[in-house]
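Student: next one to model:
(2 chains)
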Amino acid sequence: MNSLLNIFSVVPIQYYVFVSVALFCIGVLGVLMRRNAIIIFMSIELMLNSVNLLLVAFSSFHNDASGQVFVFFIMAVAAAEVAVGLAILVTIYRNIHSISIDELKNLKW
Amino acid sequence: MTLYIFYFLSFVAIFCGLMTVFSRNPIHSVLYLIGCFFAIAGHYLLLEAEFLAVVHIIVYAGAIMVLFLFTLMMMNLNEQIEKHKPALARMAAVIASGLLMLVLIAILKKADTLTVATNQNDAIGTIKNLGKILLDEYFFPFEFASVLFLTAMVGAVLLAKKDKSKVAS
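Tutor: Residues are numbered from 1 along each chain as shown, chains lettered A, B, ... in the order given. Coordinates of the predicted model:
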């Protein structure tokens, strides 16, 4: 336990920053590259999770539990967002029988 | 030892994240994303946020990804349906996100090296401690989260409900 207590003496906080940046950019890549709306949703989840990871790392680093409470709230918001977003996708699929975002350009002029 | 666990979990998280984006079959994407979430839960355990690790697995791997899988199977999406974007657009996406990562890392590399905080003795990630803070300092947002859930529930039901007037016509 004592070796785990000082994780930041073994793993610098910068490493966590880099991992989070990598995960966030993978999420951005997914949003930019894919056409399937569900995959885009999953990429957004990935971005949220990278931010969560960074918040937990810094909360542990500063020994302040507020960061973890915020992660808790982010999880709550993500769950609500996914429920509503998937309901919207189901409605779209029912109407146009596709969830490719190329078909969803009625708002584009 | 801890460093190797960190490297392993980071590798698994990033690899599964990449496979989520690049795999053609959406079902595989969902499964890789679950792997990524488990790796992140391992990170939380490493950072002594036990409560968050458990909640993360329950909420993400247990609820959200099951919702994704359920929707995918309901829509019956296979890989042959989805056409990929043209190669130019995909290349542009890779270059754009790669540049974003380059810039962010270049900025954060120059940041001042933070020193380890001094009081590292008490465990902050336990359910007892987090619950105390959640219901003490953050009581008001906590109650509002329930309102948010209620709104999301009503909205999801309303959206996914079959439109009776449209079916009839």
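Student: which non-adjacent residue is nearest the residue nearest the centre of chain A?
Tutor: For chain A, the residue nearest the mean C-alpha position is A:Leu48 (2.2 Å; C-alpha atoms, centre = their mean). Once flanking residues are discounted, A:Leu48 sits nearest to A:Ala78: 5.3 Å by C-beta to C-beta, 6 or more residues apart in numbering or on different chains. (Each C-beta comes from the backbone N, C-alpha and C, glycine too.)
Student: what of B:Arg90?
Tutor: A:Met33 (5.4 Å).
Student: quick one, what contacts the one you found?
Tutor: B:Val21, B:Lys85, B:Ala89, B:Arg90, B:Ala93, B:Val94 (C-beta atoms under 8 Å, 6 or more residues apart in numbering or on different chains).
Student: what's the helix or strand for the nearest residue to the first one once chain neighbours are set aside?
Tutor: Distance criterion C-beta to C-beta, 6+ apart; nearest residue to B:Val21, sequence neighbours excluded, is A:Gly30 at 4.0 Å. Per DSSP states H and E: A:Gly30 is located in helix A:13-33.
Student: would you mark the buried spots in that helix?
Tutor: A:13, A:15-33 (16 or more other C-beta atoms under 10 Å in any protein chain shown).
Student: run through chain B and note the low-pLDDT ranges.
Tutor: Scanning chain B with the threshold set as pLDDT under 70 gives B:77-84, B:113-122, B:163-169.
Student: how about a cut-off of 80?
Tutor: B:76-86, B:111-125, B:162-169 (pLDDT under 80).
Student: okay, domains of chain B per the record?
Tutor: Listed domain ranges for chain B are B:1-79, B:123-161 (source: automatic domain parsing).
Student: for the longest one, what is the distance to the chain centroid?
Tutor: So that's domain B:1-79. In this view, domain B:1-79 has its centroid 7 Å away from the chain centroid, taken as C-alpha atoms, centre = their mean, to the nearest Å.
Student: look at A:Glu103 and give its secondary structure.
Tutor: Classification of A:Glu103 using DSSP: H, G, I helix; E, B strand; the rest coil returns coil.
Student: hang on, it packs against A:Ile96?
Tutor: Yes. Between A:Glu103 and A:Ile96 there is a contact under C-beta atoms under 8 Å: 5.7 Å.
Student: surely A:Ser60 touches B:Leu45?
Tutor: No. Assessed by C-beta under 8 Å, A:Ser60 is found out of contact with B:Leu45, at 11.1 Å.
Student: for residue 21, which residues are in contact?
Tutor: No chain specified, so I'll use chain A. Neighbouring residues of A:Val21 by C-beta under 8 Å, 6+ apart: A:Ser50, B:Met101, B:Leu104, B:Ile105, B:Leu108.
Student: oops, wrong one, chain B.
Tutor: So B:Val21 contacts A:Ile26, A:Leu29, A:Gly30, A:Met33, A:Arg34, A:Ile39, A:Ser43, B:Ser29 (C-beta under 8 Å, 6+ apart).
Student: relative to B:Pro86, how far out is the fourth one?
Tutor: A:Met33 sits 11 Å away from B:Pro86, going by C-beta to C-beta, to the nearest Å.
Student: what residues are up against A:Val69?
Tutor: B:Leu130, B:Ile133, B:Leu134, B:Glu137, B:Tyr138.
Student: which element, helix or strand, includes it?
Tutor: For A:Val69, the host element (DSSP H and E) is helix A:66-96.
Student: list the buried ones in that helix?
Tutor: Neighbour-count burial for helix A:66-96 [16+ other C-beta under 10 Å]: A:67-73, A:75-76, A:78-93.
Student: may I have the phi/psi pair for A:Met47?
Tutor: phi -70, psi -40 (degrees, to the nearest 10).
Student: thinking again about what came up before, report the rounded mean pLDDT for the helix holding A:Gly30.
Tutor: For helix A:13-33, the mean per-residue pLDDT is 92.
Student: could you do stretch A:85-103 as well?
Tutor: 85.
Student: contacting residues around it?
Tutor: With contact meaning C-beta under 8 Å, 6+ apart, stretch A:85-103 is reached by A:35-38, A:40-41, A:104, B:67-68, B:71, B:74-75, B:77, B:81-83, B:155-157, B:159-160, B:162.
Student: and A:Glu103, how many residues sit next to it?
Tutor: A:Glu103 has 13 neighbours, counted by other C-beta atoms under 10 Å in any protein chain shown.
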